[in-house]
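Student: Sequence and predicted structure below; questions after.
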Amino acid sequence: MPIDEAQVRHVARLARLAVPDSDLARFAAELGAILEHVARLQELDVRDVPPTAAALGRPGVARDDEPSAGLTASEALAGAPASAAGMFQVPRVVEG
Amino acid sequence: MGGVGAPAETARRWQTVIGLEVHVELATRSKMFCRCSTAFGAPPNTQVCPVCLALPGSLPVPNRRAIELALRAALALRCEIDPDCRWDRKNYHYPDLPKGYQITQYARPLGRGGELTFAGAGGASRTVRIRRLHMEEDTGKSTHEGMPGGATGVDLNRAGVPLIEIVSEPDLRGPEDARLYLQALRLLLLYAGVSDVRMEEGSLRCDANVSLRPAGSSELGALVEIKNMNSFRSVQRALEYEEGRQAAALDAGERIARETRHWDERRGITFPSRSKEEAHDYRYFPEPDLGAVGLAPAFIEDTRRSLPELPADRQARYEALGLPGYDAGVLVADPALAAYFDRMLRAGAAAREGAALLSVELLGRLNAAGIGVDSPECRVHPEQLAALQGLIASGSISGKIAKDVLDEMLATGSDPSVVVQRKGLQQISDQGAIGEAARAAIAANPQSVADYRAGKKQAADFLVGQVMKATRGKANPGLVREAIARELG
Ligand SMILES: [Zn+2]
C-alpha cells in the first residue's frame, strides 16, 4: 500500500505536524510499510466474527448524572502557555 | 437584496430547497463524559476537569441520563432506534476543542428515518423527514472580549456538554416553513423534557443548507451552508436573503458556489466564510475508549412509554373538543398554559368557553401585569377559573359581570362564588323585578318611546341599556330585551 509524498504532506498538515520536505520521502516509505503490514489482516477470514469498535469497552457502560467539582480555574490554566481573564489565551482566531 | 424575498416571477422560476441541522443541549446536570456541571453562566474555566480538558490519561464515561434524553428525542421524532449505536471520533483542530477530536456518532447514529409534522406557512400541514439524530459533545467557547492584544480567549465550561444533532432531509420549501419547523421542533423537545431549548442561551442552534433548482426539477442545486443564525427570526431572515441572492445570481446566468456562508444579523446579509481547505476531512474512526451505547430493548420501550402527550396529539385532542385550530395552537404553544387549561377541563369547564376565558380574559390581565400563568403571583387557580365559566354557563352571572368578578379574583384569590355573593353580583333573572325596571325606564324616557313608535327600532336598545345601567349590569340582558319589547307593545 504505497503512499506518495503529497499524501504525507496532507496528513501532516491535518495533524498540525511540521514535516520538512527533506523527510517526505522517508515518511512515505515508512508509512507505506506500516500500512502494508496492517493490510495483511485483510487476508484473514472474519466472516463469522462480529465487528467490534473497541477492544476493551463493554457495551452499555454508563454513569449517573451526578455533577461533582473538577478543577479550579487556576488549576485548569496552570499548564497553559498563556492565560488572561480566566481564559486560555491563544493566537487570534476569527470565525467567518 | 437587503433581506427581501425573491420577486414573484423569480420565485416561480426557482424552487427553494432547505434542510436544517439543529444542535440541542440536553437538560442534564453533568457533562456527557465527565461529572463537571453544565450550569450556564459560570465564570470561565470553573466547570472543567482532566477529561474535558483532555489531560493525558483521562478516559470518558458516558452519562446515562444524557443517553436517555437523546433517546426520548429520537422516539418523539419517530426515529428508528439503533440499540447498538456507537461512538466515533471527528478529528479537527480548533482552540475550543482540547482533544483535537470531538466524540460524536457517525457510522451508527442513535436514530434514523424520523419525521416531524407541523403547521407550515398559511397553516398547511407539512411533514419533514428526519435523516438522523445522533449524540455528541459540545465544544468550548472563544471570545475576544477582555483579551490582551487582540488575542483569543478560550472558556472550556461548555466543552463536553451533551448535545444531540438533528439533521432533516431537504424537505423544506421556504424560509417561513424553516422557521416554523424549528419552532415546532423546539416545542416537541420541550414537551419531551429533552432540553430547555433556549436559543438565546445557545441551547438550541441551527445551521441551514439552502439550494435553488429550476421549478419542476428534482435534482438538487449547489448546496450553500448558512451558519450563525441566533434566533427564530434570524433563521427566516437569513434564508430569505439567501434565497434572493441565489435567485438573482441564477437569473444573471451565474453559477452558485458550494460554500459555507455566515449570517450577519446587523447588516442583514450572508457572506462567505474563509474556507478551510481541510474543513471536511474529518477522518472519522470508531472511538476506541468507549464501547457501544448498548440500549436494552426494555429500556427503549420504557422510555417510549414514559413520553408525555406531545404537541401534535394535544392539538388534536383540543380540536376534537371543539376548539378552533388557531385557539388550540395558542394553548399548545405554551406548555404551562396548556397544563392550566387541562386542569380547567378536569374541573369541568366547557372547552370552547373555558379556552376563551383563559386565553382572552385571564391571559390578557396576566400579560398586562407581566405575570406567568404558572407563577405563584397568579392568584386564580384553574379550578377557580373553571368555576367562573360554570357561573356564566348557568346564567348566575353575565359575561360582562364575569370580567369584574375575575378582576376581584385576581386581586384577592377568592373563589368566584364568594366574590359574587360578597359583591351582590348575582344576575337578576326575576321576571317581576325586570318588568318593573323596564317600566321605570320607559316612564323616564318618553322621547325614546316616541322614537320607537315612530319606527326607530334602535331606540329599544337605548332603553335596554338604561335598565342594565339601573341594575348595575346584573339584569339578565335577554330577559330585559324581552321585557322592553313587551312593555312597548
Ligand atoms: Zn469535565
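Tutor: Looks like it came in fine.

Student: Which strand runs longest in chain A?
Tutor: In chain A, assigned by DSSP state E, the strand with the most residues is strand A:87-90.

Student: ok, and the closest non-adjacent residue to whatever residue of chain A ends up closest to the ion?
Tutor: Using Cβ to the ion, the single residue of chain A nearest to the ion is residue A:70, 5.0 Å away. Every C-beta, even on glycine, is put in place using the N, C-alpha and C of the backbone. Once flanking residues are discounted, residue A:70 sits nearest to residue B:49: 3.0 Å by Cβ to Cβ, 6 or more residues apart in numbering or on different chains.

Student: Now do the contacts for the residue nearest to the spatial centre of chain B.
Tutor: For chain B, residue B:187 is the residue whose C-alpha lies nearest the centre (Cα atoms, centre = their mean; 4.3 Å). By Cβ atoms under 8 Å, 6 or more residues apart in numbering or on different chains, the contact list for residue B:187 reads B:311, B:332, B:333.

Student: The host helix or strand of residue B:447: how far from the chain's middle?
Tutor: Residue B:447 belongs to helix B:446-453 when assigned by DSSP states H and E. Centroid displacement of helix B:446-453 relative to its chain, using Cα atoms, centre = their mean, to the nearest Å, is 56 Å.

Student: Could you list every helix and strand in contact with that helix?
Tutor: In terms of contact count using 3 or more Cβ pairs under 8 Å, 6 or more residues apart in numbering or on different chains; DSSP states H and E, helix B:446-453 is assigned the packing partners helix B:459-470, helix B:477-488.

Student: Tell me which helix or strand the residue in the stretch 251-400 of chain B that the ion sits nearest to sits in.
Tutor: Closest to the ion within the stretch 251-400 of chain B is residue B:289: 14.7 Å, counting by Cβ to the ion. Under the criterion DSSP H and E, no helix or strand holds residue B:289.

Student: if I look at it, how far off is residue B:34?
Tutor: Using Cβ to Cβ, to the nearest Å, one gets 12 Å for the distance from residue B:289 to residue B:34.

Student: neighbour-wise, which of these two wins?
Tutor: For residue B:289 versus residue B:34, neighbours defined as other Cβ atoms under 10 Å in any protein chain shown are more numerous around residue B:34 (25 against 16).

Student: quick one: secondary structure of the closest residue to the more buried one other than its chain neighbours?
Tutor: Nearest residue to residue B:34, sequence neighbours excluded (Cβ to Cβ, 6+ apart): residue B:51, at 3.6 Å. Under DSSP: H, G, I helix; E, B strand; the rest coil, residue B:51 falls in the coil class.

Student: Buried residues of the top helix by length along chain A, list them for me.
Tutor: Using DSSP state H, we find that the single longest helix of chain A is helix A:21-39. For helix A:21-39, the neighbour count (16 or more other Cβ atoms under 10 Å in any protein chain shown) marks A:24, A:27, A:28, A:31, A:32 as buried.

Student: is it true that the fourth one touches residue A:3?
Tutor: Yes. The pair residue A:31 and residue A:3 passes the contact test of Cβ atoms under 8 Å, sitting 5.6 Å apart.

Student: give me phi/psi at residue A:71?
Tutor: phi -100, psi 160 (degrees, to the nearest 10).

Student: And the strand or helix carrying residue B:417, what's buried?
Tutor: Secondary structure from DSSP H and E places residue B:417 in helix B:416-423. Across helix B:416-423, burial judged by 16+ other Cβ under 10 Å covers B:416, B:417, B:419, B:420.

Student: Repeat that for stretch B:430-448.
Tutor: B:434, B:435, B:437, B:438, B:441, B:442, B:445, B:448.

Student: In contact with the residue of the stretch 151-300 of chain B found nearest the ion: list those residues for me.
Tutor: Among the residues of the stretch 151-300 of chain B, residue B:160 lies closest to the ion, at 5.6 Å counting by Cβ to the ion. Contacts for residue B:160 were tallied using Cβ under 8 Å, 6+ apart; they are B:31, B:32, B:33, B:34, B:36, B:51, B:52, B:137, B:138.

Student: Could you export those residues to a markdown table, including columns for secondary structure, pLDDT and distance to residue B:20?
Tutor: A markdown table is the format used below for these (DSSP: H, G, I helix; E, B strand; the rest coil; pLDDT from 0 to 100; distance: Cβ to Cβ, whole Å):
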| residue | secondary structure | pLDDT | distance to residue B:20 |
| --- | --- | --- | --- |
| B:31 | coil | 98 | 26 |
| B:32 | coil | 98 | 23 |
| B:33 | coil | 98 | 27 |
| B:34 | coil | 98 | 30 |
| B:36 | coil | 98 | 29 |
| B:51 | coil | 97 | 31 |
| B:52 | coil | 97 | 28 |
| B:137 | strand | 98 | 21 |
| B:138 | coil | 97 | 18 |
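
Student: Run through these and flag the ones next to the ion.
Tutor: B:34, B:36, B:51, B:52 (Cβ under 5 Å from the ion).

Student: And the furthest pair within those?
Tutor: Farthest pair in the ones next to the ion among the contacts of residue B:160 (Cβ to Cβ) is B:36 and B:51. Separation: 7.9 Å.

Student: These two: which is more packed in?
Tutor: The neighbour count for residue B:36 versus residue B:51, taken as other Cβ under 10 Å, is higher for residue B:36 (27 against 22).

Student: who are the neighbours in contact with the more buried one?
Tutor: Residue B:36 makes contacts with A:67, A:70, B:30, B:47, B:48, B:49, B:51, B:52, B:157, B:160, as judged by Cβ under 8 Å, 6+ apart.

Student: From residue B:140, how far out is it?
Tutor: Taking Cβ to Cβ, one finds residue B:36 at 12 Å from residue B:140.

Student: what do the two both touch?
Tutor: Counting by Cβ under 8 Å, 6+ apart, the common neighbours of residue B:36 and residue B:140 are residue B:157.

Student: And the strands in the stretch 201-350 of chain B, which stretches?
Tutor: Per DSSP state E, counting those that start in this stretch, the stretch 201-350 of chain B carries strands over the ranges B:204-214, B:224-229, B:259-264, B:269-272, B:285-286.

Student: count of neighbours near residue 78?
Tutor: By default, I'm working from chain A. The number of residues packed near residue A:78 is 10, by other Cβ under 10 Å.

Student: looking at chain B here, not the other one
Tutor: For residue B:78, using other Cβ under 10 Å, the count is 15.
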